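Structure, please.
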Amino acid sequence: MIQKSTVAFLKGLKKNNTKEWFDDHRKEYDLAKTNFLDFMDQLIPAIALFDPEITGIKAKDCVYRINRDIRFSKDKTPYKSHFGAAISLKGRKSTYPGYYIHLEPGNIMVGGGAYMLMPEELQKVRQEIDYNAKEFLKIANDKIFRNIYGEIKGEALVNPPKGYESDNAAINFIKNKQWYAMSAIADTDVLSMELEKKTLNAYKALLPLNRFLQKAMTH
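Predicted coordinates:
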């Protein structure tokens with residue numbers, strides 16, 4: 001379970017995003033990071049009960065570094081004000097579809113899908129949506145999925161990609177470059193078992209989308 005001290009650290013970091021403050025609060029950071037890793041090590045086996053693909057994945061392979069890459073960013077603050085993790089078959093660095101959690105006071109989100117595909121993978125997913133439009137639209141319009149996520153999101157082309165017609169039943173999804181969904185969780189749920197419960201429910205609703213994307217990318 002996420003501890004109050006973890007939430008307090010993240011709130012403090014958001015207000016004081018400097019190396020000096022971080023160094024002075026290194027002990028609090030270490031405790032907060034350990035708490036988040038422990039939470040993930042409990043969450044991952046629970047996900048594996050309905051998605052065996054991620055059996056054996058370790059939290060350390062999923063959790064992102066808190067340091068920001070500021071080389072090409074106008075925002076030079078050195079740290080992220082959240083803990084994040086991407087749980088997939090090949091860990092946080094893969095393009096595989098998976099599950100994501102973003103733990104930031106005031107902006108807590110869970111979800112997943114496929115976010116940064118290689119060109120060949122992108123082409124494969126578009127073809128799979130075209131070939132199996134009925135199946136994909138059923139996933140996108142599933143009542144439980146829509147209640148939790150609203151809709152499948154992602155950056156998209158303005159016009160249909162080459163080889164696809166504008167009257168294709170699934171053209172709005174074929175134009176996508178990403179296929180993911182995110183759902184907000186209230187801050188009041190973070191310090192209780194509700195966080196794990198709502199996260200797992202959201203991930204279960206996401207499973208059919210991840211399965212579809214994974215099948216497309218690996219065939």
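
Only C-alpha atoms from now on, for both contacts and neighbour counts.
Noted.

can you pull the pLDDT of Phe72?
Confidence at Phe72, expressed as pLDDT, is 79.

Let me see the backbone angles for it.
Dihedral angles phi and psi of Phe72 (degrees, to the nearest 10) take the values phi -120, psi 20.

does Lys90 sit in a helix, a strand or a coil?
coil (DSSP: H, G, I helix; E, B strand; the rest coil).

Next one: it relative to Pro97, how far apart?
To Pro97, Lys90 is 9 Å away according to C-alpha to C-alpha, to the nearest Å.

more crowded one of the two?
For Lys90 and Pro97, the more surrounded residue by other C-alpha atoms under 10 Å is Pro97, and the numbers stand at 28 against 17.

Spit out the contact partners of that one.
Residues near Pro97 by C-alpha atoms under 8 Å, 6 or more residues apart in numbering: Ser88, Gly112, Gly113, Ala114, Tyr115, Asn210, Leu213, Gln214.

Scan the chain for its longest helix.
Across the chain, the helix with the greatest residue count (assigned by DSSP state H) is helix 194-218.

Dump the contacts of Pro97 into JSON lines; add pLDDT and distance to Asp61 as well.
Listed next are the contacts of Pro97 as JSON lines, based on pLDDT from 0 to 100; distance: C-alpha to C-alpha, whole Å:
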{"residue": "Ser88", "pLDDT": "91", "distance to Asp61": "9"}
{"residue": "Gly112", "pLDDT": "97", "distance to Asp61": "16"}
{"residue": "Gly113", "pLDDT": "97", "distance to Asp61": "18"}
{"residue": "Ala114", "pLDDT": "95", "distance to Asp61": "17"}
{"residue": "Tyr115", "pLDDT": "92", "distance to Asp61": "18"}
{"residue": "Asn210", "pLDDT": "97", "distance to Asp61": "19"}
{"residue": "Leu213", "pLDDT": "97", "distance to Asp61": "21"}
{"residue": "Gln214", "pLDDT": "94", "distance to Asp61": "19"}
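
With distance to Tyr149 and neighbour count as extra columns, can I get these in CSV?
CSV is the format used below for those (distance: C-alpha to C-alpha, whole Å; neighbours: other C-alpha atoms under 10 Å):
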residue, distance to Tyr149, neighbour count
Ser88, 19, 25
Gly112, 10, 26
Gly113, 12, 31
Ala114, 15, 24
Tyr115, 16, 18
Asn210, 14, 23
Leu213, 17, 25
Gln214, 20, 20
